[in-house]
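J.: Give the three-dimensional model of this entry:
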Amino acid sequence: MHLGMAAIFQNPENHITDGEVYRNELKLAALAEPLGFDSIWGVEHHFTDYTMCPDVLQFLTYMAGRTERIQLGSMVVVLPWHDPIRVAEQVSMLDHISDGRLILGLGRGAGRIEFEGFGVDMGESRERFVEAAEIVLTGLEQGWCEYDGKHYQQTARDVRPRPARTFKGRTYAAAVSPESVEIMARLGIGILVIPQKPWDMIDHELTTYRNVFQEVNGAPAPAPIIAGWVFCDQDEKRAREMAVRWIGGYWETAAKHYEIGGAHFANTKGYEFYAAMSEVQQSSAAATTEAYLDLQVWGTPQMCIDRIRQTTERMRSNTFTSVFSYAGMPYDEAERNLRLFAQEVLPALRDEQAVAAG
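T.: Take a look at the predicted model:
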């Protein structure tokens, strides 16, 4: 099993300085390779304390220089907020610097504050994502970009440094809404899933994705990448208490940033799923927090092993990326969480893989 870790740079309510957040998160990220993880991931967000990584490719470039073998994943580059040809250039440059270690993750975004900050109509995000993805993906394969679309017009220009290897098989996109999975299938890319809805809905959407992918591309869909929030502790009772505090706290920061419960989703094209989620949030915020907690990974090392195994088997995935530091968790707690997982959970899942391989 491929096991990654992600750094997200949260500073809820500005409880410490942003500089302290960066020092702490970079110390944790630097542990990923020596502790045996297969990949390190970053996110992209802007303008708030929700996560303070406005340039995931810049973060990964830094990590490329700090590491030798570990893969580097973007979770995700939000295409509607960028010039697509610039993304293609940055991706190609990072892939050269890292000698082909990049796993490219793309997304369309859902934060109103971010769309407004960049002067982009949120109602156009799905159309913009598809056009921008076509520019980036085609440019990375053929070495040059040219496009005449509704939202983007690109004069033919080379991507330099010229891409040295294909991105097919290592490009994914975040898929939260049901409509997104079909879009990703038609683009011929994998999907990145953070469980945040009932399992029957996830199962149905993955089936749709796999069927459309096979129909359009004439080949089986790649296995999805799964990401989740983790709290690992030797004591089950304490693990539960801390999961409620920190994982539940993370969901509250996400609900605040995305304005889950706000009325604007109902009037924004392409965000029908978020509108439905907002209705549930309005009726019972406590219930949505508990539901989110139940989908994440927490407990003793064995409980974490079992949950990751159940999640990946159910979704037919061989990749799980863990977030260990979030919601203002003290650094010492986050490092202990990470090290315990690396010491007991990671090798157990690796041993299962070795046994399965014979």
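
J.: in the stretch 251-358 of the chain, which ranges drop under the pLDDT threshold?
T.: 283-284, 352-358 (pLDDT under 70).

J.: And the residue nearest the centre of the chain?
T.: Among the residues of the chain, the one closest to the centroid is Met75, at 3.4 Å (C-alpha atoms, centre = their mean).

J.: What's the local residue count around Arg316?
T.: 11 (other C-beta atoms under 10 Å). C-beta: built from backbone N, CA, C; applies to glycine.

J.: Am I right that it is in contact with Ile225?
T.: No - taking contacts as C-beta atoms under 8 Å, Arg316 lies outside contact range of Ile225: 11.8 Å.

J.: and the longest strand for the protein?
T.: strand 225-232 (DSSP state E).

J.: Figure out how far stretch 158-174 is from the centre of its chain.
T.: Distance of stretch 158-174 from its chain centroid, counting by C-alpha atoms, centre = their mean, to the nearest Å, is 18 Å.

J.: Would you mind extracting the C-alpha trace of it into PDB?
T.: Extracted in PDB, the C-alpha atoms of stretch 158-174 (Å, rounded to 0.1, in the frame of the first residue of the first chain):
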ATOM      1  CA  ASP A 158       5.800  25.800 -25.900                       C
ATOM      2  CA  VAL A 159       6.000  24.500 -22.400                       C
ATOM      3  CA  ARG A 160       9.600  25.000 -21.200                       C
ATOM      4  CA  PRO A 161      11.200  23.200 -19.700                       C
ATOM      5  CA  ARG A 162       9.700  20.700 -22.000                       C
ATOM      6  CA  PRO A 163       7.900  17.900 -20.100                       C
ATOM      7  CA  ALA A 164      10.200  14.900 -19.900                       C
ATOM      8  CA  ARG A 165       7.700  12.100 -19.100                       C
ATOM      9  CA  THR A 166       4.000  11.500 -19.300                       C
ATOM     10  CA  PHE A 167       1.600  12.500 -16.600                       C
ATOM     11  CA  LYS A 168      -0.900   9.800 -17.600                       C
ATOM     12  CA  GLY A 169      -1.400   7.500 -14.600                       C
ATOM     13  CA  ARG A 170      -0.200  10.100 -12.100                       C
ATOM     14  CA  THR A 171      -2.800  12.900 -12.500                       C
ATOM     15  CA  TYR A 172      -5.800  13.000 -10.200                       C
ATOM     16  CA  ALA A 173      -8.600  15.500  -9.400                       C
ATOM     17  CA  ALA A 174     -10.600  16.100  -6.300                       C
END
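
J.: Flag every buried residue along it.
T.: Within stretch 158-174, the residues that count as buried by 16 or more other C-beta atoms under 10 Å are 159, 163, 167, 170-174.

J.: ok, those vs Ala327, which is closest?
T.: Distance to Ala327 across the buried residues of stretch 158-174 (C-beta to C-beta) is lowest for Ala174, with 20.3 Å.

J.: Now do the contacts for that closest one.
T.: Neighbouring residues of Ala174 by C-beta atoms under 8 Å, 6 or more residues apart in numbering: 75-76, 105-108, 180, 191-192, 194.

J.: what residues are up against the closest residue to it other than its chain neighbours?
T.: The shortest distance from Ala174 to any residue other than its chain neighbours is 4.0 Å, reached at Gly107 (C-beta to C-beta, 6 or more residues apart in numbering). Counting by C-beta under 8 Å, 6+ apart, Gly107 touches 44, 76-79, 129, 173-174, 192.

J.: quick one, helices of the stretch 201-350 of the chain?
T.: 236-242, 248-258, 272-283, 285-295, 301-314, 331-340, 346-357 (DSSP state H, counting those that start in this stretch).

J.: what's the angle from the fourth one to strand 225-232?
T.: Put simply, helix 285-295 runs at 100 degrees to strand 225-232, going by axes from the mean of the first three to the mean of the last three C-alpha atoms, to 10 degrees.
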